[in-house]
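Participant: Structure for this input, please:
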Amino acid sequence: MKTIYIKSITLIAFLLTYTVSQAQNTLKGSVKNSLNESLAGANILLKGTKYNTTTDANGNFSIDTKEKTSSSLLVQYVGYKTQEIAINESTTDSLQIQLTEENELIEVVISSRRRIEKAQNVPIPISVVSGKQAEQAGAFNVNRIKELIPSVQLYSSNPRNTGINIRSLGSPFGLTNDGIDPGVGFYVDGVYYARPAATTLDFIDVSQIEVLRGPQGTLFGKNTTAGAFNITTRKPSFTPSADFEVSYGNYAFLQAKASITGALSKKIAGRISFSGTQRDGLIDNVATGRATNTLNNQGIRGQLLYVPSENTHITLAADITTQRPDGYAQVVAGVAPTQRAAYRQFDAIIADLNYTLPSLNAFDRKIDHDTPWRSGQDLGGASLNIDTKIGEGTLTSTTAWRFWNWDPSNDRDFTGLQVLAKSQNPSRQTQFTQELRYAGQISSKLSGVGGIFFIDQTSTTNGTEESGSAQWRFSQSTTSSKWATPGLFEGYGIRTNASIHAISAAVFGQLDWEITEGLHLLPGLRYNYDKKDADYDRTTYGGLQTNDPDLIALKKLVYTDQNFSKGTDATDFSGNLTLSYKASDKINAYATYAKSYKPVGVNVAGLPTVNGQAALDLAVIKPEKVNHYEAGVKTSPFNNAILNVTFFNTDITDYQTNVQAAELGVNRGYLANADKVRVRGAELDASFVVNEHFSFNGAVTYTDGKYIKFTNAPLPLEETGKTVDGVQLAYKDVSGTSLPGVSKWAGSLGGEYTKSAKFFGNLGKFFVGIDSYARSEFSSSPSASKYLVVDGYAIFNGRFGFRASEGLSINFWARNILDKDYFEQLLPAGGNAGHYAGVLGDQRTYGITLKYTL
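Facilitator: Predicted structure coming up:
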């Protein structure tokens with residue numbers, strides 16, 4: 001992979017050599033602070049348009065003013081007062097702009113409402129992490145962003161089985177089923193990513209990450225019931241610049257990043273960015289003598305910006321990311337006694353097979369898995385974005401095509417026994433999206449956004465699951481000696497072909513009416529149409545070929561053929577109503593009611609059986625109906641401080657949940673509806689810049705998530721095999737119990753000390769920072785189990801070094817400084833024999849990052 005780094009960086013260097021800055025009708029200038037220090041990354045906005053640029057590493061900028069006879073520039077930078085600079089057709093000299101410090105926290109600007117505005121002015125609970133903040137915290141993917149934003153949860157036993165939640169809602173907890181839509185939207189430069197696996201990839205050249213909490217169906221193309229990630233990358237610039245970064249750490253960690261931008265002609269600019277990460281494994285496989293759970297990621301992104309006129313910007317972007325890790329292996333974390341017969345308990349089974357686990361302590365980080373772990377994935381695509389100013393607003397068209405390829409191999413029995421010799425379900429997903437949106441000022445007191453959205457996606461899976469020599473003992477459900485018939489189950493398995501075709505179309509919009517000064521009413525509406533067609537075909541093969549009806553019956557107790565096709569469609573009206581009041585520049589209060597929904601779903605991973613027949617009534621999953629209430633206040637109690645508080649309550653009818661079946665053939669569990677769910681809680685976000693040296697930030701969230709009514713939930717692991725009056729139970733009433741994945745409390749706290757200095761002749765700042773993240777215990781099972789409970793934990797990360805706007809920056813970092821042992825997730829093994837595995841949090845890691853900016 002080091003060859004890939006060398007080739008990629010050589011390519012970027014080559015492009016840098018041949019990037020030529022082209023003269024055009026531009027206004028040039030520089031931005032500095034009161035200490036005469038250049039401000040890199042300041043936002044320069046041509047007022048009355050959506051067009052903007054940012055200053056380079058030297059604080060310089062250029063912006064096209066062609067055909068613009070008079071206007072003004074808005075100059076914005078975090079920590080400084082926004083300044084408006086008047087310009088006209090006679091303005092030709094280079095502008096020398098000096099910004100004065102103000103409340104840096106209030107000045108954070110966002111684009112989630114399709115216009116550039118201050119986050120504190122927006123009546124939506126929103127967290128903003130800049131690209132620089134993410135870099136400094138070592139948050140190079142969403143799994144690490146959750147440590148900065150405690151309302152975000154991400155659970156991933158591998159890239160496919162990844163769920164991202166906000167306020168504990170969004171995706172069913174557990175293993176992923178392609179048949180439902182995620183409740184958290186994931187957008188990169190306006191393009192919707194339908195696969196949750198995208199959240200496991202490394203960020204490439206990110207400018208800002210905005211996390212919106214609560215339903216977001218009237219601002220974004222795809223309806224989302226829990227919130228959205230709005231990620232923007234750095235855009236091409238006509239001013240040449242480049243960044244090069246390399247990190248080294250323990251466990252042979254190596255990460256390289258590079259980005260270059262510049263003009264290709266008078267009206268075309270380009271940017272190309274690369275990111276690559278590799279690391280040795282963190283878990284030892286004593287059977288192979290090789291560490292597993294490695295990192296091996298590479299990604300590249302290219303953009304071309306064409307500016308035919310001052311009113312139109314056209315951006316063509318393409319990207320591809322590949323992952324080839326040896327992982328994601330899980331470690332046996334414990335054994336739960338079930339209510340099956342004594343001979344069916346895990347300890348009795350492995351004793352009969354003369355097997356012992358390599359360790360009884362999961363945090364010894366030892367496995368002896370015999371089936372290879374493979375988690376290969378490719379994700380990429382291309383998009384065309386056109387922004388053109390029409391009247392007092394901007395018309396935006398975003399067209400995109402994306403793909404996702406998944407090539408796995410898993411050891412679902414989590415042991416060194418040949419229970420499952422193969423467990424792999426390669427998949428491919430493709431999507432086409434089109435969004436057309438207009439946002440702008442309608443009158444002096446009325447603005448709004450409206451648009452249409454369409455997505456067409458297809459997912460196909462061609463899977464194999466095959467039994468090994470130990471399958472007979474784990475599947476043995478009677479005392480018949482025929483279970484031990486030599487070769488009966490060895491090589492016996494299923495081949496699965498599953499596909500789903502889904503289309504969705506929507507019309508959406510939201511108004512912002514200023515009733516009186518400071519008092520705004522924001523109504524929004526959405527009409528959606530969804531259609532899904534699923535085909536599922538599972539065929540058995542292999543094993544002992546026999547005419548003995550008893551042996552055939554035993555084989556059918558493990559795997560059976562299954563085939564079904566199901567189609568469904570639905571329409572829905574949804575919307576929201578927000579009332580906000582900005583009492584002063586320091587207080588902004590709001591209240592929101594939202595009616596939202598998650599579209600109808602279909603099961604495409606196999607269905608449980610009833611009396612030997614597939615339960616076809618579970619093939620279609622009813623849509624979720626969401627009623628959401630929220631109230632909050634955003635404040636700046638004193639200079640350089642923010643304190644935001646939000647209270648929320650979400651009621652969901654027909655909650656879509658994922659349940660684990662005891663049957664091996666039901667891969668990744670199956671979907672079901674819980675009658676009613678409620679999530680309520682409160683959030684507090686605070687940041688404080690004490691002076692030029694010290695800054696602190698913190699966030700805490702309280703969440704209470706419950707099944708209000710769920711009478712047909714699956715049995716928890718320890719109740720597997722439970723009988724009443726001789727009849728084995730299949731379901732349990734879990735009404736009133738906690739939702740999986742919900743910690744009552746979660747929070748983050750961080751601080752940094754900085755001091756202006758020179759290092760190798762470069763102006764910058766020395767810094768020392770520490771961040772912490774903590775959460776209380778949570779259930780890791782769809783039905784609460786006393787065994788599948790993840791204990792609460794806290795981790796601490798630190799950094800120190802020198803940060804420069806140009807030249808060399810150096811960062812020494814450490815994650816999980818106290819080397820805390822903790823689980824991120826617990827999950828039962830296939831077949832529910834009683835043993836369960838854990839997804840382990842990383843142990844202490846440390847390293848150094850060097851960055852050079854031209």
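Participant: where do the helices sit along this protein?
Facilitator: Using DSSP state H, the helices found in the chain span residues 2-18, 131-136, 142-145, 346-352, 471-475, 549-558.
Participant: looking at those, which has the lowest confidence?
Facilitator: Lowest mean pLDDT within the helices of the chain: helix 2-18, a mean of 47.
Participant: you'd agree Gln825 is up against Tyr155?
Facilitator: Yes: judged on CB atoms under 8 Å, Gln825 makes contact with Tyr155 at a distance of 5.3 Å. From N, CA and C alone the C-beta is placed, and that goes for glycine too.
Participant: Common neighbours of these two, please.
Facilitator: Here Gln825 and Tyr155 have Val839 as joint contacts, going by CB atoms under 8 Å, 6 or more residues apart in numbering.
Participant: Excluding chain neighbours, give the residue nearest to Val211 in space.
Facilitator: Distance criterion CB to CB, 6 or more residues apart in numbering; nearest residue to Val211, sequence neighbours excluded, is Ser127 at 4.5 Å.
Participant: just for the stretch 101-250 of the chain, where's the confidence low?
Facilitator: Residue ranges of the stretch 101-250 of the chain with pLDDT under 70: 101-117, 139-140, 174-176.
Participant: at 80 what do you get?
Facilitator: 101-119, 130-144, 172-177, 201, 221 (pLDDT under 80).
Participant: where exactly do the strands run in it?
Facilitator: For the stretch 101-250 of the chain, applying DSSP state E, counting those that start in this stretch gives strands covering 109-110, 117-118, 126-130, 152-156, 162-166, 184-188, 191-192, 206-213, 227-233, 241-249.
Participant: Could you list the buried residues of the third one?
Facilitator: With burial defined by 16 or more other CB atoms under 10 Å, the residues of strand 126-130 counted as buried are Ile126, Ser127, Val128, Val129.
Participant: Correct me if wrong: the first one contacts Gln216.
Facilitator: This points to Ile126. No: contact between Ile126 and Gln216 fails when scored by CB under 8 Å: they sit 10.2 Å apart.
Participant: The stretch 401-550 of the chain: strands as residue ranges?
Facilitator: 420-424, 427-443, 446-467, 493-516, 519-541.
Participant: What pLDDT does the model give Gly665?
Facilitator: Looking at Gly665, the pLDDT reads 43.
Participant: about what we covered before: and Gly380, which of the strands of the stretch 401-550 of the chain is closest to it?
Facilitator: strand 427-443 (10.9 Å; CB to CB).
Participant: Tyr438 bridge partners, please.
Facilitator: Tyr438 has these beta-bridge partners by DSSP bridges: Leu395, Gly450.
Participant: Quick one: residues contacting it.
Facilitator: If you count contacts by CB under 8 Å, 6+ apart, then Tyr438 has Ile390, Gly393, Thr394, Leu395, Thr396, Val449, Gly450, Gly451 around it.
Participant: sorry, back to before: mind putting the buried residues of strand 126-130 in CSV, distance to Phe802 included?
Facilitator: Below are those laid out as CSV (distance: CB to CB, whole Å):
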residue, distance to Phe802
Ile126, 31
Ser127, 28
Val128, 25
Val129, 22
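Participant: Would you mind measuring from the residue nearest the centre of the chain to Glu210?
Facilitator: Nearest residue to the geometric centre of the chain (CA atoms, centre = their mean): Thr199, 3.5 Å. Look at Thr199 and Glu210: by CB to CB, to the nearest Å, they are 15 Å apart.
Participant: just checking, Pro599 touches Pro623?
Facilitator: Yes: using CB under 8 Å, Pro599 is in contact with Pro623, at 5.5 Å.
Participant: which of the two has more neighbours?
Facilitator: Pro599 (25 against 21; other CB atoms under 10 Å).
Participant: what sits opposite the closest residue to that one other than its chain neighbours in the beta ladder?
Facilitator: Spatial nearest neighbour of Pro599, chain neighbours left out: Asp530 (4.0 Å); criterion: CB to CB, 6+ apart. Assessed by DSSP bridges, Asp530 has beta-bridge partners Ser504, Ala570.
Participant: got it, and the one 4 residues further on?
Facilitator: As for beta bridges, Ala534 partners with Ile500, Lys566 under DSSP bridges.
Participant: hmm, back to that, state the number of residues packed around the residue nearest to Pro599.
Facilitator: The local packing of Asp530 (other CB under 10 Å) involves 23 other residues.
Participant: surely it meets His501?
Facilitator: No: counting by CB under 8 Å, Asp530 does not reach His501; the two are 11.9 Å apart.
Participant: re the thing from before, look up how far Phe638 lies from the residue nearest to Val211.
Facilitator: For Ser127, the distance to Phe638 equals 21 Å [CB to CB].
Participant: same question, Gly831
Facilitator: 60 Å.
Participant: Next: Gly327.
Facilitator: For Gly327, the distance to Phe638 - CB to CB - is 48 Å.
Participant: cool, and Ala814?
Facilitator: Using CB to CB, Ala814 is found at 33 Å from Phe638.
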